[in-house]
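Engineer: have a look; sequence and predicted model below, questions after that.
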Amino acid sequence: WLIIVGIVAVCVIYSQLNEQKNKKLAASGEDMERLKGIVASVLPGETGYTVAYAHHEDVQHYGRSTRTTYYTYALAFDAARLWIIPLGYKKNEILPNKPYLATGNIGMVNVDTTVKNGELKSVSVVLRDKMGESPIFLEVDTLNTRKDRFHHVNILQPEECEKFSTFMASFSDTVAKEN
């Protein structure tokens, strides 16, 4: 029994140390700066936008098996526009795909926020086209860490999350009035 308790203790200590290391890396802002550079290269000539990191995990259940598909995005938004840039990865390199301007063709917007101890923790958004189809799911968290091989960045973004929440509230109202 002592061996099992020892192994469990080592695993718990290792995971806590790893989480602390990732939080420290997130606070350094290195991955956020890389993300901002990628967005600037994909949106040449655009200025005045805020950059945020978003993700979504699509979990499908098939009998006894489960399949999870991971989606990650760079978001760039200003007072009236939202660009969604799907991201891919090759080792530690972030590879942007073609940006999508999600302003004029959105028909429905659902926004949910998670607040803990009076602080905004995440904003979850579902965007649908004018037919109510083709949903895009976006989750912007204040803290993203490299938990495993499917979570690629250490990003701390409380200000960006707050700005995204404010933007999406306004954007949702605009979409509701137009449709």
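Structural biologist: Sure thing, it's come through. Residues are numbered from 1 along each chain as shown.
Engineer: going forward, measure contacts and count neighbours with C-alpha atoms only.
Structural biologist: Will do.
Engineer: which helix or strand contains S172?
Structural biologist: Element membership for S172, per DSSP states H and E: helix 158-178.
Engineer: now do that helix: everything it contacts.
Structural biologist: Applying Cα atoms under 8 Å, 6 or more residues apart in numbering, the external contacts of helix 158-178 come out as 50-52, 77-80, 106-111, 113, 120-123, 140-143.
Engineer: same check on stretch 84-104?
Structural biologist: With Cα under 8 Å, 6+ apart, stretch 84-104 has contacts from 35, 38-39, 42-43, 71-76, 80-83, 152.
Engineer: from those residues, which ones fall inside helices?
Structural biologist: 35, 38-39, 42 (DSSP state H).
Engineer: and the most centrally placed residue in the chain, helix, strand or coil?
Structural biologist: What sits nearest the mean C-alpha location of the chain, by Cα atoms, centre = their mean, is A54, with 1.5 Å. With DSSP: H, G, I helix; E, B strand; the rest coil as the basis, A54 sits in strand.
Engineer: measure it to R149 for me?
Structural biologist: Separation of A54 from R149 (Cα to Cα, to the nearest Å): 17 Å.
Engineer: equivalent analysis for F77, please.
Structural biologist: 28 Å.
Engineer: who has more neighbours, these two?
Structural biologist: F77 (22 against 8; other Cα atoms under 10 Å).
Engineer: give the buried residues for stretch 158-174.
Structural biologist: Neighbour-count burial for stretch 158-174, counted by 16 or more other Cα atoms under 10 Å, picks out 158, 160-165, 167-168, 171-172.
Engineer: I'd like the residues you listed written out as CSV, with pLDDT and distance to D129 added.
Structural biologist: Formatted as CSV, the buried residues of stretch 158-174 follow (pLDDT from 0 to 100; distance: Cα to Cα, whole Å):
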residue, pLDDT, distance to D129
P158, 89, 29
E160, 92, 25
C161, 92, 24
E162, 93, 25
K163, 94, 23
F164, 94, 20
S165, 93, 20
F167, 93, 18
M168, 92, 16
F171, 89, 14
S172, 88, 13
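Engineer: which of those sits closest to L2?
Structural biologist: In terms of Cα to Cα, no member of the buried residues of stretch 158-174 lies closer to L2 than P158, at 42.2 Å.
Engineer: sec struct for M108, please.
Structural biologist: strand.
Engineer: and the residue nearest to Y70 when sequence neighbours are not counted, what pLDDT?
Structural biologist: In space, and not counting its chain neighbours, Y70 is closest to E57: 4.7 Å by Cα to Cα, 6 or more residues apart in numbering. With respect to pLDDT, E57 has a value of 91.
Engineer: and what about L138, helix, strand or coil?
Structural biologist: Look at L138: counting by three-state DSSP, its state is strand.
Engineer: let me redo that: D31
Structural biologist: Recorded secondary structure, D31: helix (three-state DSSP).
Engineer: now the angle from the helix or strand bottoming out on mean pLDDT in the chain to helix 30-42?
Structural biologist: Evaluated with mean pLDDT, DSSP states H and E, the helix-and-strand set of the chain has its lowest mean pLDDT in helix 2-28, which scores a mean of 77. Counting by axes from the mean of the first three to the mean of the last three Cα atoms, to 10 degrees, helix 2-28 lies at 50 degrees to helix 30-42.
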